[in-house]
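> fold the following and give me the result.
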Amino acid sequence: MKLLLIVLQLTFMTYNVENLFDTRHDTLKNDTAFTPTGEKRWTESRLRTKIHNIMQVISAQDELPAIVGLCEIENDSILTRMTTNRYARLNYGFVHHESSDARGIDVALLYRKDLFTVDTSFTANIANAPRGMLYVRGHLRGNKIIHIMQVHAPSRLGGATTTTPLRRNVAMFVKYMADSIIAIDSTANILIMGDFNDTPSDAALYDVLKALPPTANPSCGSLYNLTWTLHEEGYGTYYFQGEWSMLDHIIVSGAMLNGLSGIKLPTSATIYCPNWLKESNGHPRRTYLGDFYQGGVSDHFPITVTSLR
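Just a heads-up that it's a prediction; the model follows:
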């Protein structure tokens with residue numbers, strides 16, 4: 001009698017969806033541009049199209065992602081629309097906490113309810129980084145505990161002298177969180193994702209967070225950036241002033257590379273960039289060019305990684 005071993009593959013995704021606002025003005029936020037009468041003429045029809053396209057990106061993966069980290073989500077009402085009605089069949093739940101960002105754009109997590117159970121979550125308050133970091137601890141199917149940090153670090157607007165220290169602060173906090181988890185369990189599953197507004201070789205990620213290039217023999221006590229190879233080969237998730245930059249990252253604990261955690265990941269993530277997400281020149285087709293609506297999905301490409309077993 002032969003026994004069939006069913007191997008569960010897990011896909012993780014992070015995606016900066018670029019200004020996913022609802023159409024209502026929040027009196028506590030600077031969001032008037034994204035209203036029907038604001039500069040962007042942001043209407044229900046345009047919002048519905050953008051949500052549909054984002055969900056199409058997610059559902060187009062070979063394995064429907066178990067976890068999707070999102071950047072630039074305004075509020076729970078957006079996430080509710082992404083997980084109910086026509087999208088309920090995808091079986092996603094969400095985790096979100098309001099941040100102190102002046103424009104009201106936050107980070108959030110979608111998770112497949114058949115694969116993941118949330119234990120606890122919070123948004124960290126990091127100095128001068130109001131979008132901060134969302135921490136979620138939970139159980140993947142098979143009772144594997146995983147620690148997830150979804151990050152949106154401060155942008156480069158204002159120049160390196162002003163903004164680099166802000167991103168270093170975020171990296172320091174994420175490093176502190178990861179080290180605290182590893183000190184308790186050296187084989188912990190740690191998944192750090194998001195838009196860091198820095199490349200793998202920049203100081204915040206390499207010197208402060210110490211997210212290393214993946215190796216053949218990863219250490220359980222170290223963090224590894226799965227976008228290193230893509231970065232070195234000249235690929236990126238964001239295009240600005242004639243240059244591709246790898247600003248979005250999936251960073252994992254060594255235990256998720258060597259398989260001691262019960263999950264084994266490959267050493268490189270994948271950029272998802274089908275033609276329908278691009279301009280004719282290959283750049284991400286964004287929703288707006290200035291105040292001109294051009295109907296694209298985002299100015300970033302998403303990245304994914306799928307477990308080997």
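> what helix or strand is L166 located in?
Applying DSSP states H and E as the criterion places L166 in helix 160-184.
> shaky segments in the chain?
Scanning the chain for pLDDT under 70 picks out 1-7, 309.
> 50 instead, please
For the chain, the stretches with pLDDT under 50 are 1-6.
> one step back: what helices or strands is the helix holding L166 leaning on?
Under the contact criterion of 3 or more C-beta pairs under 8 Å, 6 or more residues apart in numbering; DSSP states H and E, helix 160-184 touches strand 116-126, strand 129-140, strand 144-152, strand 189-195. For glycine as for every other residue, the C-beta is placed from the backbone atoms N, C-alpha and C.
> as TSV, those strands with mean neighbour count would be great.
Below are those laid out as TSV (neighbours: other C-beta atoms under 10 Å):
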stretch	mean neighbour count
strand 116-126	16
strand 129-140	21
strand 144-152	23
strand 189-195	25
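> nearest to I303, of those strands?
Of all the helices and strands packed on helix 160-184, strand 189-195 sits nearest to I303, with 8.3 Å by C-beta to C-beta.
> using PDB, write down the CA coordinates of that closest one.
Backbone C-alpha positions of strand 189-195 (Å, rounded to 0.1, in the frame of the first residue of the first chain) are rendered in PDB as follows:
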ATOM      1  CA  ASN A 189       9.900  31.600  11.300                       C
ATOM      2  CA  ILE A 190      10.400  35.400  10.800                       C
ATOM      3  CA  LEU A 191       9.000  37.000   7.700                       C
ATOM      4  CA  ILE A 192       9.800  40.700   7.100                       C
ATOM      5  CA  MET A 193       8.300  42.300   4.100                       C
ATOM      6  CA  GLY A 194       7.400  45.700   2.600                       C
ATOM      7  CA  ASP A 195       8.600  48.800   1.000                       C
END
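> direction included, what does it pair up with?
Strand 189-195 pairs in its sheet with strand 144-152 (parallel), strand 248-253 (antiparallel), by DSSP bridges.
> quick one: the helices in the chain, in order.
In the chain, the helices defined using DSSP state H lie at 44-59, 76-83, 160-184, 203, 228-232, 255-258.
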